[in-house]
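J.: just to be clear, the model below is a prediction. Sequence and coordinates:
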Protein chains: 2
Amino acid sequence: MKVLVAGGAGFIGSHLIDALLEEGHDVVCVDNFFIGTKQNIVHLTGNERFTFYEQDLCDLEAVNRIFEKETIEYVFHLTANSDIQASANNPIIEYQNTYSTTFNIVECMRRNNVKKLFFASTSAVYGEKMGTEVGEATTPLEPISYYGAAKLGSEGLISAYSYMNDMSVLVFRFPNVIGPRLTHGVIFDFVKRLKDDPSHLRILGDGTQSKPYMHVFDLVNGIMRFKDVPKGVTLYNIGVETQTSVTRIAEIVCEKMGLSGIPFEYTGGRGGWKGDVPVFAYDLSKIHTAGWRATYTSDETVAHTVEQVI
Amino acid sequence: MKVLVAGGAGFIGSHLIDALLEEGHDVVCVDNFFIGTKQNIVHLTGNERFTFYEQDLCDLEAVNRIFEKETIEYVFHLTANSDIQASANNPIIEYQNTYSTTFNIVECMRRNNVKKLFFASTSAVYGEKMGTEVGEATTPLEPISYYGAAKLGSEGLISAYSYMNDMSVLVFRFPNVIGPRLTHGVIFDFVKRLKDDPSHLRILGDGTQSKPYMHVFDLVNGIMRFKDVPKGVTLYNIGVETQTSVTRIAEIVCEKMGLSGIPFEYTGGRGGWKGDVPVFAYDLSKIHTAGWRATYTSDETVAHTVEQVI
């Protein structure tokens, strides 16, 4: 089938495109290189089943022209501002790049009678649950970041558009996802700091902030596995059972860089920055019961990513 | 204190302004007369504690200029597209008038250091729960209308803005609210049809669609009673325990118009129109426990409203 990958030049989107092409689909990629990069899709140049549009998804009518031109059967929507820390001081980034892009995509689907959608949601819709395991039915949903807010709003849009237009939608709430082609985040920060000055490593918070880090290969495998869903919205938490603390990430970075005895200097406090959820755990029983598990542990995922970054 | 009422020329907003002035506050009203009317606020002309701005809340920078000029302590946000049926074929109405207005309001509050907010949310965030009683913690939230989607998105925004900026927010999820100054809806439709042609009354659905109709006087009383809340988001379902079916509304309209023996012609089916939630009931124990109850029953509310309309 012909599919559209919105945000396809991004970290996760570009891996998903590789898997979709591998499975024999024709791929239309739309990206504005705001966070995505040409480097991520350069290997697809010349592939006749790959079409690229450099286009900001914030422009409804421009996006609609792509939908009118291409006959899309399935949309994979991975467009978002993925740098939560950056939007903390400028929330309009999330309004435009995370919420409005979703509105434009589902509105173009409505206008052009496209019925199948995958949506990349996030653990950030839950907010701060003090380390208790959150399942798909956990309530209330109280995002503490503008990113989580825009993603929750997007889920609401998808619920209504799906009902009103008989769409079939798969929604995954992602944890932290890392791996090859990652462009920012704590691993990058640590590697950069140690390259600049290997005498010590400054760590935001007290280092105990702990999250599940999922490998992008596992995530893409899950999307490909579950992408055919019945009418309505099918929602899963997806992730790994294990977690990695910030201090453990620092240890893995030092180890992979061949550095030992580096003093860690903690800034203190619970979270790294306001809007961050310092401790987080998923209840994954729904997706496990459906027969899927991640193959990389959280620590293995961090180690593999560090190897790519250094 | 000086308060800003967004959507203050609307049906509910204008009643709230009356109560706020009565309690001694200075009121800045912002409305674009898209749904609100001059008639609703004409009685406030010349009141020196009342200031009016004719302004579309969709324009962030224009709204921000009002916040910069007036020193606002509390914002009552009642701006929305309130005609759900109208947006069913044109969802962009909700994106602009229900979601973007919320973004602009909380963003202006952030920029101008305003910490207190009341937000008018809705039962539509719950979606279709097949008549089971929905409480504040009911999950999942699966709106089936674009209106409900935009309100759920607004709740998400408010959650994040409240956390990030130490705001104190009261959120009420409204049921159907009616009473004096109402401008559209089933009561209007029935009165109009019977005035046009009293030989019969066409009723969408099978007439059993049943909802709690709350009196705007009770709603405003509840807002005034609970408006001082601690930091964070305080959320209540607000409503009446009783319900009124569409057939009962038709009977009350006929009775009040002095018409008897009118044949009711049902179009059939469960709902009146797609996106409507045909059967709906609230669990009100949280607000009852807090010591508040509606004074009008649903049928009394309908009867009082019909008297105003005919």
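T.: Yep, that arrived. Residues are numbered from 1 along each chain as shown, chains lettered A, B, ... in the order given.
J.: going by C-alpha atoms from here, please, whenever you check contacts or count neighbours.
T.: Noted.
J.: what residues does the stretch 151-300 of chain A put near chain B?
T.: A:L152, A:G153, A:S154, A:G156, A:L157, A:S159, A:A160, A:Y161, A:Y163, A:M164, A:K274, A:G275 (C-alpha under 8 Å from any C-alpha of the partner chain).
J.: the second one: what secondary structure?
T.: Same thing as A:G153. Look at A:G153: counting by DSSP: H, G, I helix; E, B strand; the rest coil, its state is helix.
J.: that one reaches B:G153, doesn't it?
T.: Yes: at 3.5 Å, A:G153 counts as touching B:G153 under the criterion of C-alpha atoms under 8 Å.
J.: which residues of chain A fall in helices?
T.: Applying DSSP state H to chain A gives helices spanning A:11-22, A:38-41, A:60-69, A:84-87, A:92-94, A:101-112, A:146-165, A:186-196, A:216-226, A:246-256, A:285-289, A:298-309.
J.: make JSON lines from those and add mean neighbour count, distance to B:Q308 and mean pLDDT to it.
T.: Formatted as JSON lines, the helices of chain A follow (neighbours: other C-alpha atoms under 10 Å in any protein chain shown; distance: least, C-alpha to C-alpha, whole Å; pLDDT from 0 to 100):
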{"stretch": "helix A:11-22", "mean neighbour count": "21", "distance to B:Q308": "57", "mean pLDDT": "97"}
{"stretch": "helix A:38-41", "mean neighbour count": "16", "distance to B:Q308": "64", "mean pLDDT": "96"}
{"stretch": "helix A:60-69", "mean neighbour count": "15", "distance to B:Q308": "43", "mean pLDDT": "98"}
{"stretch": "helix A:84-87", "mean neighbour count": "17", "distance to B:Q308": "49", "mean pLDDT": "85"}
{"stretch": "helix A:92-94", "mean neighbour count": "21", "distance to B:Q308": "43", "mean pLDDT": "97"}
{"stretch": "helix A:101-112", "mean neighbour count": "21", "distance to B:Q308": "39", "mean pLDDT": "98"}
{"stretch": "helix A:146-165", "mean neighbour count": "28", "distance to B:Q308": "34", "mean pLDDT": "98"}
{"stretch": "helix A:186-196", "mean neighbour count": "16", "distance to B:Q308": "62", "mean pLDDT": "93"}
{"stretch": "helix A:216-226", "mean neighbour count": "19", "distance to B:Q308": "55", "mean pLDDT": "98"}
{"stretch": "helix A:246-256", "mean neighbour count": "19", "distance to B:Q308": "64", "mean pLDDT": "96"}
{"stretch": "helix A:285-289", "mean neighbour count": "14", "distance to B:Q308": "52", "mean pLDDT": "97"}
{"stretch": "helix A:298-309", "mean neighbour count": "19", "distance to B:Q308": "64", "mean pLDDT": "95"}
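J.: report the contact partners of the residue of the stretch 51-200 of chain A found nearest chain B.
T.: Proximity to chain B, evaluated over the stretch 51-200 of chain A using C-alpha to the nearest C-alpha, is greatest for A:G153 at 3.5 Å. Counting by C-alpha atoms under 8 Å, 6 or more residues apart in numbering or on different chains, A:G153 makes contact with A:Y99, B:A149, B:A150, B:L152, B:G153, B:S154, B:G156, B:L157.
J.: what separation do you get for the second one and A:A290?
T.: Right, the one you point to is B:A149. The gap separating B:A149 from A:A290 is 28 Å, by C-alpha to C-alpha, to the nearest Å.
J.: over to the third one?
T.: As defined by C-alpha to C-alpha, B:A150 lies at a distance of 31 Å from A:A290.
J.: ditto for A:T183
T.: 32 Å.
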